[in-house]
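# Output the structure for:
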Amino acid sequence: MQILCIDDDADIVQAAGLIARRKGMQLTGAENPQVAWSLLAEQRFDLILLDLNFARGNTSGEEGFRMLTDLTAADPHAVVIVITGHSGINIAVEAMRAGASDFVIKPWSNDTLASKLERAATLARARYRSSFSPEEAATPLLLGEDSAIKRIRTLITRIAPTAAPVLITGPAGAGKSLTAQLVHRRSALNENPLIRLPAHADLDEASISSALEQARGGTVLLDNVVELPRALHPWLAARLEGMRIIATARGERGMVRAALDADLLYRLNTIEIEVPSLKERCADKALLARHFVERFSRRHGVPVRTLSDEALGAILADDWPDEVRGLQQAIERAVLLAGGEEIVVADLGIDSSHAPDAPLRAGAADLNLDRTERRLIEAALDRHRFNISRAAEELGLTRAALYRRMAKHGL
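I've put the predicted structure just below:
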């Protein structure tokens, strides 16, 4: 049983680790959400211990609640025990309502924490068995620290349990289908199958009617709905009754709206989710790459290799025109072809023409990850005229985390 403890107090992490080991469990510590997401990208954890207050002297639980929301949105099966002080009991109760499985008050007794870990382990095993498949249960969905991805996870948490139609737009390969599946998995209709209807120019009324009949009482996924012949739009709009509708469409929101008949658009876009391109999620590239290395190493039964600094620099520099799907394919190829303990640039098969910053790969000095991080922070600060809150949101960091990184880089 693998436990992730997210707490900035090293003594708390050490104490929890000792109790976990006595119960035959392994505990890994993370001092902040950014480290936690990196670890979650590399392996699956059965339980999560989450401190509700990371910043010294902060007792509001704001950071912890934000992390709790992100964790449960990323993995609906997550088992989370929140940690709080005596003065935070009311906050812990609110956290239970927000998706936490249990809470523990510090200072705790060893027996109390041991008992809560055992109960949580039983719950985690039950949830794992009831999930769709071992691989799906092990995969953190919509992984990322980008502010747009965080907003999508929060939106899914709010709207998935409703019956509202959802229109998901974005580039090909960015994760629209994955987003649709997550909305369905968290809905009240998730026991019924998600009926996928791929739209294309040759689709006829009979084929559509058959799919809609199968989806009656459940959910239909209109995949790439803009490819449906325009003449069928009013006909389809009149028949979307008695089911939940999730639609995906390739392209920017404005383009998609213009391509759809007004009646059909009205039936589809009660809620709109726009999935960003990977180019807009630069800070997530390393996180996703490490996750895919772990995932494909496990799938193909090969040793888990590390990404060399040069390979990681190339991944950060590339535009990834095929989006997350392209990164996933490149990492799977690299996992299979790598000959040493590290994945190197040649293993990735990246087309150098896709990288606008070719000099970044020219020498080791320019591939330094600290320099890359500094450039990202400087660019965000410049764009937002040193508004720390806005720059932190763009970078997917808390204000405190951004201040720490600015101090690290002398900014």
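# Count the neighbours of the closest residue to Arg230 other than its chain neighbours for me.
Excluding its sequence neighbours, the residue lying closest to Arg230 (C-beta to C-beta, 6 or more residues apart in numbering) is Asp261, at 6.6 Å. Glycine gets a C-beta too; all of them are placed from N, C-alpha and C. Using other C-beta atoms under 10 Å, Asp261 has 17 neighbouring residues.
# tell me the secondary structure for Thr162?
Following DSSP: H, G, I helix; E, B strand; the rest coil, we place Thr162 in the coil state.
# Please determine how far it is located from Ile152.
From Thr162 across to Ile152, the span is 16 Å (C-beta to C-beta, to the nearest Å).
# Neighbour count: those two, which is higher?
A direct count of neighbours by other C-beta under 10 Å for Thr162 and Ile152 places Ile152 higher, at 23 against 14.
# what sits up against the lengthiest helix in the chain?
Counting residues, the longest helix in the chain under DSSP state H turns out to be helix 110-130. Defining contact as C-beta atoms under 8 Å, 6 or more residues apart in numbering, one finds that helix 110-130 is touched by 1, 3, 16, 19-20, 22-23, 25, 46-47, 77, 79, 81, 101-102, 104, 134, 137.
# What's the PyMOL syntax to select whichever of those are buried?
The following PyMOL line selects those of these that are buried, judged by 16 or more other C-beta atoms under 10 Å:
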select buried, resi 1+3+16+19+20+25+46+47+77+79+81+101+102+104+137
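# and this structure, what are its domains?
Following automatic domain parsing, one finds the domains of the chain at 2-138, 147-276, 279-408.
# mind putting those in JSON lines, mean pLDDT included?
Converted to JSON lines, those look like this (pLDDT from 0 to 100):
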{"stretch": "domain 2-138", "mean pLDDT": "78"}
{"stretch": "domain 147-276", "mean pLDDT": "89"}
{"stretch": "domain 279-408", "mean pLDDT": "77"}
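# Next, the contact list for Thr169, please.
Applying C-beta under 8 Å, 6+ apart, the residues near Thr169 are Lys176, Thr248, Ala249, Arg250, Gly251, Glu252, Arg253, Val256, Glu272, Ile273, Glu274, Val275.
# Switch those residues over to JSON lines, and while doing so, append distance to Leu212, neighbour count and secondary structure to every line.
Output for those, formatted as JSON lines (distance: C-beta to C-beta, whole Å; neighbours: other C-beta atoms under 10 Å; DSSP: H, G, I helix; E, B strand; the rest coil):
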{"residue": "Lys176", "distance to Leu212": "21", "neighbour count": "24", "secondary structure": "helix"}
{"residue": "Thr248", "distance to Leu212": "17", "neighbour count": "25", "secondary structure": "strand"}
{"residue": "Ala249", "distance to Leu212": "18", "neighbour count": "26", "secondary structure": "strand"}
{"residue": "Arg250", "distance to Leu212": "22", "neighbour count": "19", "secondary structure": "strand"}
{"residue": "Gly251", "distance to Leu212": "24", "neighbour count": "16", "secondary structure": "strand"}
{"residue": "Glu252", "distance to Leu212": "28", "neighbour count": "14", "secondary structure": "coil"}
{"residue": "Arg253", "distance to Leu212": "25", "neighbour count": "15", "secondary structure": "helix"}
{"residue": "Val256", "distance to Leu212": "21", "neighbour count": "24", "secondary structure": "helix"}
{"residue": "Glu272", "distance to Leu212": "22", "neighbour count": "15", "secondary structure": "strand"}
{"residue": "Ile273", "distance to Leu212": "22", "neighbour count": "21", "secondary structure": "strand"}
{"residue": "Glu274", "distance to Leu212": "26", "neighbour count": "16", "secondary structure": "strand"}
{"residue": "Val275", "distance to Leu212": "25", "neighbour count": "25", "secondary structure": "coil"}
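# Quick check: Glu378 touching Gly410?
No. Counting by C-beta atoms under 8 Å, Glu378 stays clear of Gly410, with 11.0 Å between them.
# Looking at those two now, which is surrounded by more residues?
When neighbours are counted by other C-beta under 10 Å, Glu378 and Gly410 differ, and Glu378 comes out ahead with 14 against 6.
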